[in-house]
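J.: Take a look and give me a structure for this.
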Amino acid sequence: MGIYEKIFGSISSKELKSIQPIVKKINDLEKEYEALSDEELKAKTLYFKEKIKNAISSVKREDIDEDLDGDKLINEKDFVLKKHQIEQKILNEILPDAFAVVREASKRVLGMRHFDVQLIGGVVLHRGKIAEMKTGEGKTLVSTLPIYLNALSGNGVHVVTVNDYLARRDAQWMGKIFDFLGLSVGVIIHDHSFLVTFDENLKSQNSNNQIKLPEGVDLDEQAQQQVEIEQEDLIEVSRADAYRADITYGTNNEYGFDYLKDNMVSDLSQKVQRPLHYAIIDEIDSILIDEARTPLIISAPAEESGDLYKKFSTIIPQLEKESDYTVDEKMRSVSLTDDGIKKIETILGMDNIYDKGIELVHHLEQALKANVLFVKDRDYVVKEGEIVIVDEFTGRLMFGRRYSDGLHQAIEAKEGVEIKKESITLATITFQNYFRIYKKLSGMTGTAMTESEEFYKIYKLDVIAIPTNNPMIRIDNPDKIYQNEEGKFISLIKEIKEKYEKGQPVLVGTISIEKNELLSHQLKISGIPHEVLNAKHHEREASIISQAGAKGAVTVATNMAGRGVDIILGGHPYDKQKADEVRSLGGLAVFGTERHESRRIDNQLRGRAGRQGDPGESQFFISMEDDLMRIFGAERIKRLMNTLGIPSDQAIENKMVSSAIETAQKKVEGHNFDIRKHVLEYDDVMNRQRKSIYSKRDKILLFKDEIDEVEVDILDKVKNIIQKEISLLVDSAFNKNEDLVEAKKEIWDGLTVIIEEDRIKLPFEELNKLDLPDQIKNNLINILNTKIEELISEIGEDQVKNLIKSLYLRIIDMYWVQHLTEMDHLRSGIGLVGYSQKDPLVEYKHRSFNMFKQLLSMIDSSFIKAFFRVKIDNSNSYKTQGHIENKKDIQYKKEFAQGGQDEAKEETKKERPQVIGKSKVGRNDPCPCGSGKKYKKCCGQEK
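T.: The predicted structure follows:
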């Protein structure tokens, strides 16, 4: 404890002290609410809603306008902020009553009463902080308190889980409380959206709803029954309906992808999410720390051959470690030596590979990474002819995800499976920036304190440690340290056998599928029956974990070991006699086969034992050959053990070694934090641009836009663009040409690019009579404005606005896709400016700002050209291309920034959108289909 904490107390202790009076108030109300009938208790929801509504409606826009006297946009933001502040104030006032209502409803519906520590956790979550609650302390029940309270405002609460199973389970389980109190609950999972209902009539009408399992997934009988139970109280609805519910459960991926898709729609009715109000993230460390560098990406396939991937996959195995390439395991990078480069050039029959362009070098680097750094059954598995990534933190298979930057294709070539095409990005956002959009954010986890600095610096979230309801009596034994892996496993098998023979259940955590299967093989040889849980057997996860606490059970699991699933002593279903017997044997024993680079992951494994005051024990078995020890210099200790003649299966328990391990873990955690912070600094630049473009799209969907930060009607915006484009055209011509005739000719040529010559009512001869730039500008602006008025007379103002909206959105999307690609290229190469003594981040900000200004200019310029080249057919209608909402061909990916990271892709086929009907496009203009190519090299060559 630092001197500051000794004097002033820790953040947690101060927070807990401030919450105690609130908990007392809630407890004082318990008798009062127990006396209410069901109907009276339910009526409290309506009472609370009315109270909140009345408080918010008391905020008058006129008061804000008078206070600020001027800028409408600032006034609007301040008005929204003021309403939010009033809402939070009234929620704080009704909190004790609302929590007391939820506690009473839970007692009646679920037979579960919130303990005082759970009330504390609920207050922490409502205050927009992270509640660190030990495993088994009932985080799911805790969340019902702030969920109910914040749902009363009617703005929606999003509960974020790490997988679809937990989203469905928690929505149905806790949904009973919310349904009783009159609040609706929605569920968002992959390809499905539901409302939770306990109305038998509604359920019978939707009896045909079945969640289809992924192809190739076979479930055992128990798991199949579990899936049927999971669907029991769900009725399928539209995604928008699920989001319109008072409370919505879903995964981080689904929320993020829906946000991106909402910002690609061509009509407001296609949006599914409401404004992002309040989110509670379950296992917040997993989502905001482990997956912080994970961009969600919506993409379309690019045209590329896999031949180069195949070629380099045959070359790399011919190289030798150390002489041809070197590996830095700390940085997880690999570099060619001069000899290695010469060898490759000899094989390829070329003098200098770097003279042949960046493409060859790129394929070479990715093939090298794929063959040297990425190991089958550790980093990925080959399943049904596809490369499936294994999550390094959980050990789960990440179906549909792909490594970025061609790495996945290089691994496909290495393993001899079909090489799939790379893709171009249509939209992207990181979890860091997505979750920072919410007005209020909070989360729960059993392990957050080790990352408290990062949570505060990145997300402005304090971590508050919540005391346990019962004292923790688990015994955390010191690490056992061995010379080599063989000795470690011999000793571990002996320990497991000893526990098994006395009937004490054992859970063994491994960090990879490879080690998982190695240990399983040795247990079979030793005659110890056991269950294996890894990414290859993920379908049985729930059933395996639920029985891991049974007498005599031995379970060997990767890090996926059932976060969110209880290990019940005595096995499932709960039996007091069996549970007491296991308690008398010492409870669950948890063994780790090596330390993870993050202390959090180790603590999660320990947390499997000793839940809710149960007995239990934990211990890690470590060898000097483990990755963490080897990378951080265990050779000296290993030599000392050899010198002392310590047998390989004899452990040492040494404080110095244990301290060295913790120091190594802290170093890795600090290094990873720096990387995530660095990624965020760059992504924040992109984030500001994304927010600007998405804000512009939202305004256009409402037939509005901005001129000099003032919101205007979309027709006024078009006239403003005309004025800017004509002024630019005329000024440029006069600046470049001293000869007046030449200047006018250039103006005429520029004008005919905007609007066809036969539609200009001012002949060139008339233009020639005008001498002053301002005269020419005014005449040309009047011509184009008159064209708009004529179009309005012909088809009506609403149709013209719809045409503007459709064209503008299409052009924004087309150029935004190009901009994302260009920004990606800028980001990839910006590090090189460091050699010229420039700060890469400062240079990146400067260049990206100029690129964004150019993007906005090109959007307006291209829009005007497209607008004046649309022709109306005989039925007074116009044709526009099928917009991006035509979902065929769009891929949803989750991608990790650097070679060790992944990208998720859910792929469907897409047709090329049609080119706008009857509009004339210049051969060198960007193709209207949105491909990013010039018209003459795309749809133009099909003519």
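
J.: So which bits of whatever helix or strand residue 46 lives in are buried?
T.: With elements delineated by DSSP states H and E, residue 46 resides in helix 38-57, which encompasses its position. Of the residues in helix 38-57, those buried under the neighbour-count criterion (16 or more other CB atoms under 10 Å) are 41, 44, 45, 48, 49, 51, 52, 55, 56. (C-beta placed from N, C-alpha, C; glycine too.)

J.: same question, stretch 728-736
T.: Of the residues in stretch 728-736, those scored as buried under the neighbour-count criterion (16+ other CB under 10 Å) are 729, 730, 733, 734.

J.: can you put those in CSV and add secondary structure, pLDDT and distance to residue 824?
T.: What follows is the buried residues of stretch 728-736, written out as CSV (DSSP: H, G, I helix; E, B strand; the rest coil; pLDDT from 0 to 100; distance: CB to CB, whole Å):
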residue, secondary structure, pLDDT, distance to residue 824
729, helix, 89, 32
730, helix, 90, 36
733, helix, 87, 36
734, helix, 87, 39
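
J.: which of these lies closest to residue 844?
T.: If you rank the buried residues of stretch 728-736 by distance to residue 844 using CB to CB, residue 729 comes first, at 32.3 Å.

J.: Leaving out the residues flanking it, which one is nearest to the closest one?
T.: In space, and not counting its chain neighbours, residue 729 is closest to residue 750: 4.4 Å by CB to CB, 6 or more residues apart in numbering.

J.: next one: whichever strand or helix holds that neighbour to chain centre, how far?
T.: For residue 750, the enclosing helix or strand under DSSP H and E is helix 740-754. Offset of helix 740-754 from its chain centre (CA atoms, centre = their mean, to the nearest Å): 50 Å.

J.: show me what contacts residue 147?
T.: Applying CB atoms under 8 Å, 6 or more residues apart in numbering, we find residue 147 in contact with 157, 159, 174, 178, 247, 280.

J.: change it to 10 Å
T.: The neighbourhood of residue 147, defined by CB atoms under 10 Å, 6 or more residues apart in numbering, consists of 102, 122, 125-126, 157-159, 174, 177-178, 183, 185, 246-247, 249, 278, 280.

J.: Can you tell me the element it falls in?
T.: Under DSSP H and E, the secondary-structure element containing residue 147 is helix 139-151.

J.: what's the average pLDDT for that helix?
T.: pLDDT averaged over helix 139-151 equals 96, rounded to a whole number.

J.: tell me the angle it makes with helix 38-57.
T.: 50 degrees (axes from the mean of the first three to the mean of the last three CA atoms, to 10 degrees).

J.: Just give me the neighbour total for residue 609.
T.: 27 (other CB atoms under 10 Å).

J.: brain fart, residue 477
T.: By the measure other CB under 10 Å, the count of residues near residue 477 is 12.

J.: Spit out the contact partners of it.
T.: Under the criterion of CB under 10 Å, 6+ apart, the neighbours of residue 477 are 589, 591, 617, 618, 619, 620, 653.

J.: Cross-reference these with the helices and report the matches.
T.: Among those, DSSP state H puts none in helices.

J.: By neighbours, which of those residues wins?
T.: The residue in the contacts of residue 477 with the most neighbours, by other CB under 10 Å, is residue 589 (26 neighbours).

J.: okay, it: pLDDT?
T.: Confidence at residue 589, expressed as pLDDT, is 93.

J.: Take the contacts of residue 147 and keep only those in strands.
T.: Among the contacts of residue 147, the residues falling in strands (DSSP state E) are 157, 158, 159, 185, 247, 249, 278, 280.

J.: the helices in the stretch 301-450 of the chain, which residues?
T.: For the stretch 301-450 of the chain, helices defined by DSSP state H, counting those that start in this stretch occupy the ranges 307-315, 338-348, 358-372, 407-415, 431-435.

J.: and the first one, how far from the chain's centre?
T.: It stands for helix 307-315. On the basis of CA atoms, centre = their mean, helix 307-315 is displaced by 33 Å from the centre of the chain it belongs to.

J.: JSON lines for the ones in strands among the contacts of residue 147, including distance to residue 390?
T.: Converted to JSON lines, these look like this (distance: CB to CB, whole Å):
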{"residue": "157", "distance to residue 390": "33"}
{"residue": "158", "distance to residue 390": "28"}
{"residue": "159", "distance to residue 390": "27"}
{"residue": "185", "distance to residue 390": "33"}
{"residue": "247", "distance to residue 390": "33"}
{"residue": "249", "distance to residue 390": "26"}
{"residue": "278", "distance to residue 390": "34"}
{"residue": "280", "distance to residue 390": "28"}
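
J.: ok, these vs residue 550, which is closest?
T.: Comparing those against residue 550 with CB to CB places residue 249 closest, at 30.0 Å.

J.: Quick check: the two most widely separated of the ones in strands among the contacts of residue 147?
T.: Among the ones in strands among the contacts of residue 147, the pair separated by the greatest distance (CB to CB) is 185 and 278, at 15.0 Å.

J.: Between those two, which is the more surrounded one?
T.: Neighbours were tallied for residue 185 and for residue 278 using other CB under 10 Å; the higher tally belongs to residue 185 (29 against 23).

J.: Pull up the gap between the more buried one and residue 151, please.
T.: Counting by CB to CB, to the nearest Å, the gap between residue 185 and residue 151 amounts to 9 Å.
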